[in-house]
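> need a 3D model of the following:
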Amino acid sequence: MYTQPNNQRDTKPVTIATLAKMKASGEKFSCLTAYDASYAALLDNAGVDVVLVGDSLGMVIQGHPTTLPVTMDDMIYHGRAVARGLKRALLMLDMPFMSYATPDMALMNAARMMQEAGAHMIKLEGNANQLKIVEHLAGNGVPVCAHLGLRPQSVHKIGGFKVQGREQDAARQMVKDATMLANAGADVLLLECVPSALGREITQAVGVPVIGIGAGPDTDAQVLVLYDLLDITPGRRPKFAKNYMQDASSPLEAVQNFIREVQTGVYPAREHCFD
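Predicted structure coming up:
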């Protein structure tokens with residue numbers, strides 16, 4: 001396992017209150033995916049603020065074409081492994097496809113993620129249709145990140161992996177959905193593959209931190225799939241992803257460069273954004 005002494009700016013554990021304070025002060029924070037203890041320890045030592053065990057593991061670890069085959073047991077297994085590698089970063093886990101179809105199902109599975117895997121926050125994909133679920137989770141003390149824009153679990157419903165919110169009506173609805181989810185108790189929002197202007201509008205419209213991936217430079221944080229950052233994802237890399245190994249001598253340096261570029265606003269550059 002990676003055990004290099006950490007060189008973080010702050011060794012205090014990151015909490016929801018930490019992220020809210022960073023948004024209020026205009027300080028950008030970083031988020032990366034991890035699926036095992038070794039990479040989790042590397043990210044933690046590098047100073048990543050939020051580590052996401054994404055259901056993207058279905059694609060980058062298991063080799064599936066979508067995230068749909070990922071199960072709760074998969075998420076618990078990988079979440080537990082990642083938790084062992086973390087000391088400082090906030091640990092967020094994705095709720096897999098059809099694991100939150102009803103409020104009671106969502107609560108049961110979120111409880112498993114927190115009790116069995118050590119999650120500090122769960123993430124679910126949705127829009128205003130998930131308001132009752134978010135309210136139910138928040139009302140029972142479960143920290144929630146609501147994922148809007150391109151929702152990979154709905155890839156067959158929306159017709160593929162494509163930018164969302166380009167049409168005026170769709171953009172207006174997404175702003176409304178984001179506001180309603182935050183008011184319902186979502187502690188964090190995540191925006192994927194939306195025009196930069198919409199990413200900025202939503203970030204300014206809500207009081208909770210907004211994490212972007214292909215959502216422009218004005219969100220409160222940026223997230224990437226670690227395998228994209230390290231240039232080991234087979235096939236075509238998404239437009240919003242940047243190969244940080246190109247100018248790094250090690251994975252640690254690549255991650256540190258990502259963190260620095262997020263904090264200073266260098267990443268994402270225009271070529272990583274959508275109009």
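> drop to CA atoms for contacts and neighbour counts, all remaining ones
Noted.
> and stretch 38-51, how far from the chain's centre?
Distance of stretch 38-51 from the chain centroid (CA atoms, centre = their mean, to the nearest Å) equals 14 Å.
> to clarify, my last question referred to stretch 235-242.
16 Å.
> can I get it in PDB, CA atoms only?
Only the C-alpha atoms of stretch 235-242 are listed here, as PDB (Å, rounded to 0.1, in the frame of the first residue of the first chain):
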ATOM      1  CA  GLY A 235     -10.400   3.900 -25.300                       C
ATOM      2  CA  ARG A 236     -11.400   7.500 -25.800                       C
ATOM      3  CA  ARG A 237     -11.000  10.000 -23.000                       C
ATOM      4  CA  PRO A 238     -13.900  12.400 -22.200                       C
ATOM      5  CA  LYS A 239     -13.500  16.000 -23.400                       C
ATOM      6  CA  PHE A 240     -13.400  17.200 -19.800                       C
ATOM      7  CA  ALA A 241     -10.600  14.900 -18.700                       C
ATOM      8  CA  LYS A 242      -7.000  15.900 -18.600                       C
END
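> which helix or strand contains residue 39?
helix 37-46 (DSSP states H and E).
> the very next helix or strand once past that helix pairs with which strands, and in what direction?
The helix or strand immediately downstream of helix 37-46 is strand 50-53, counting by DSSP H and E. For strand 50-53, the paired strands and their directions (DSSP bridges) read strand 29-33 (parallel), strand 90-94 (parallel).
> can you list the ones you listed in CSV and add mean neighbour count?
Formatted as CSV, the strands paired with strand 50-53 follow (neighbours: other CA atoms under 10 Å):
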stretch, mean neighbour count
strand 29-33, 25
strand 90-94, 26
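> burial measure for residue 202, as a count.
Residues lying near residue 202 (other CA atoms under 10 Å) number 23.
> so what's it up against?
Shown in contact with residue 202 (CA atoms under 8 Å, 6 or more residues apart in numbering): 175, 178-179.
> residue 228 now?
By CA under 8 Å, 6+ apart, the contact set of residue 228 is 237, 241-243.
> which element follows the strand or helix carrying it toward the C-terminus?
According to DSSP H and E, residue 228 maps onto helix 226-229. Following helix 226-229 in sequence order, the next helix or strand is helix 251-264 (DSSP H and E).
> may I see the buried residues of that next one?
251-252, 254-263 (16 or more other CA atoms under 10 Å).
> for residue 150, state which of the contacts of residue 228 is nearest.
Distance to residue 150 across these (CA to CA) is lowest for residue 241, with 15.0 Å.
> just checking the distance from stretch 30-45 to the centre of its chain.
That offset, for stretch 30-45, works out to 13 Å (CA atoms, centre = their mean).
> next one: stretch 229-239
17 Å.
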